[in-house]
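Colleague: Show me how the following folds:
(chains A, B and C)
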Amino acid sequence: MSIQEKLIKWYEVNKRDLPFRDIKDPYKIWVSEIMLQQTTVTAVIPYYKRFIERFPDIETLANATIEEVYKYWEGLGYYRRALHLHKSANLMKDTFPKEYKDILALIGVGPYTASAIMSFAYHKPYIAVDGNALRVLSRLYAIEENIALNKTVKTITDIGNQLVIGYDSAKINQGIMDFANAVCLPVHPHCNECPLQKECTAYLTNKQDVLPINIKKVNKKSLSYITGIVVYDDEVMLIKNKNGLLENMYLLPQYEVESPYSFIEAFKEDYGIDLEVLSHLKDFKHVFTHRTWYMHVYVFKADIRSIDFYTKNKQEELTIPTAHKKILKHYEG
DNA sequence: TATCCGTGGTC
DNA sequence: TGACCAAGGAT
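Modeller: Residues are numbered from 1 along each chain as shown, chains lettered A, B, ... in the order given. Alright, predicted model coming up:
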């Protein structure tokens, strides 16, 4: 039996039952693939269901406001994915593209996602090279190159595209994903129950624990903020973040300063309004991929009725990322 | 090419 | 607990 046949056989028996699996609508497949970028299946499922229920087709998504689309993304992370979906839906009119190059041209869609859609929706012979495929194939063929490099991804893509010829690529791709999730794990893979033992060069040379080689340097910066719960009556001030990290999200005002008194000065400079410290709430820490925020949260009182970006208690409408949502929950709870 | 972009789970 | 990872892509 070939590697492909063994993989498909394993898949037929062990495949996961997922809401975005074995569906034909390229729109829904697209939405699921965007959500699944760097995001676990467990996290995606409820978001996917809610999103599709509210935006069942291209036209409904295109006609929605970006603020509402963001709201359905709240807590999922990488918020620009929602922006890209909305933009693409507006460009698409009502038909989803069918060619690889046209799908790849969509903002937010790269080689992985374009290949996955071609495979899952149209059963075309494209390998979908994600983290799973990189791991499985680099072990299978003992590729001792850094998978964080584009060159290595290209090498593995070429191998995968050969593997898919003559088979249903959807079964190969999804088979690899479920197999990578259940057997060919990132750490301590279950080689003793692997159907590809005899074909796996890594296993045969005892390199399954060192492959894939994944070297990426991440320098993580720490930032220390005074974060303000600025209240007037029972309303809390939120500001739309204009750029960078958490762009377009609504945040509590915060400054990279040492004391609440410096916060008051900075706030006065920005908005021309005097604050009064009421209390120290709590210190929070939030870890991002490239950054860690230490937030010393104080409650301030002010008359902020005069400023037009004061957003009142509209938390049901505004998209507030987890980093600050958990502060608000603590404050309100 | 290197860096940025979120969050939650795991050990 | 910090480091790593999860169906990556844009700049």
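
Colleague: How about chain A: which residue is closest to DNA strand B?
Modeller: A:Gly77 (2.6 Å; Cβ to the nearest atom of the strand). From N, CA and C alone the C-beta is placed, and that goes for glycine too.

Colleague: What residues does the stretch 101-250 of chain A have near DNA strand B?
Modeller: By Cβ under 7 Å from any atom of the strand, the residues of the stretch 101-250 of chain A that approach DNA strand B are A:Leu149, A:Asn150, A:Lys151, A:Val187, A:Lys216, A:Lys217, A:Asn219, A:Gly244, A:Leu245, A:Leu246, A:Glu247.

Colleague: Give me the lowest-pLDDT entry from those residues.
Modeller: Across those, the bottom pLDDT score, 76, is held by A:Lys217.

Colleague: Spit out the contact partners of it.
Modeller: The contact partners of A:Lys217, taken as Cβ atoms under 8 Å, 6 or more residues apart in numbering, number zero.

Colleague: Low-confidence ranges, chain A, go.
Modeller: Flagging of chain A using pLDDT under 70 yields the residue ranges A:308-315.

Colleague: Please parse it into its domains.
Modeller: Using automatic domain parsing, the domain parsing of chain A gives A:3-204, A:221-332.

Colleague: could I get the ones you listed as JSON lines with distance to A:Pro212 and mean neighbour count?
Modeller: Shown next, in JSON lines, are those (distance: least, Cβ to Cβ, whole Å; neighbours: other Cβ atoms under 10 Å):
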{"stretch": "domain A:3-204", "distance to A:Pro212": "4", "mean neighbour count": "17"}
{"stretch": "domain A:221-332", "distance to A:Pro212": "19", "mean neighbour count": "16"}
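
Colleague: At which residues are the strands of the stretch 101-250 of chain A located?
Modeller: A:221-232, A:235-236, A:239-240, A:250-251 (DSSP state E, counting those that start in this stretch).

Colleague: contact partners of the first one?
Modeller: Outside of strand A:221-232, the residues that reach it under the criterion Cβ under 8 Å, 6+ apart are A:236-237, A:252-260, A:262-263, A:267, A:275, A:278, A:281, A:284, A:290-305, A:310, A:324, A:327-328, A:331.

Colleague: Each with direction, which strands does that strand pair with?
Modeller: Note on strand A:221-232: by DSSP bridges, its sheet partners are strand A:235-236 (antiparallel), strand A:254-255 (antiparallel), strand A:291-301 (parallel).

Colleague: Between strand A:291-301 and whichever helix or strand comes after the second one, find me the angle.
Modeller: Using DSSP states H and E, the helix or strand that follows strand A:254-255 towards the C-terminus is helix A:260-271. An angle of 80 degrees separates the directions of helix A:260-271 and strand A:291-301 when computed by axes from the mean of the first three to the mean of the last three Cα atoms, to 10 degrees.

Colleague: which secondary structure elements does helix A:260-271 contact?
Modeller: strand A:221-232, strand A:254-255, strand A:276-287, strand A:291-301 (3 or more Cβ pairs under 8 Å, 6 or more residues apart in numbering; DSSP states H and E).

Colleague: How far does that helix sit from its chain's centre?
Modeller: Here helix A:260-271 is found 34 Å from its chain centre; the criterion is Cα atoms, centre = their mean, to the nearest Å.

Colleague: next one: stretch A:245-258
Modeller: Counting by Cα atoms, centre = their mean, stretch A:245-258 comes out at 20 Å from the chain centroid.

Colleague: does DNA strand C sit close to that stretch?
Modeller: No: judged by Cβ under 7 Å from any atom of the strand, stretch A:245-258 stays clear of DNA strand C, getting no closer than 11.2 Å.

Colleague: end-to-end on that stretch?
Modeller: With Cα to Cα, to the nearest Å as the measure, stretch A:245-258 spans 21 Å from end to end.

Colleague: before we move on, back to that, let me have the strands paired with strand A:221-232 in a markdown table, extended by distance to A:Leu85.
Modeller: As requested, the strands paired with strand A:221-232 are exported to a markdown table (distance: least, Cβ to Cβ, whole Å):
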| stretch | distance to A:Leu85 |
| --- | --- |
| strand A:235-236 | 29 |
| strand A:254-255 | 29 |
| strand A:291-301 | 25 |
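
Colleague: Nearest to A:Arg21, out of those strands?
Modeller: Closest of these to A:Arg21 is strand A:291-301, at 34.5 Å (criterion: Cβ to Cβ).
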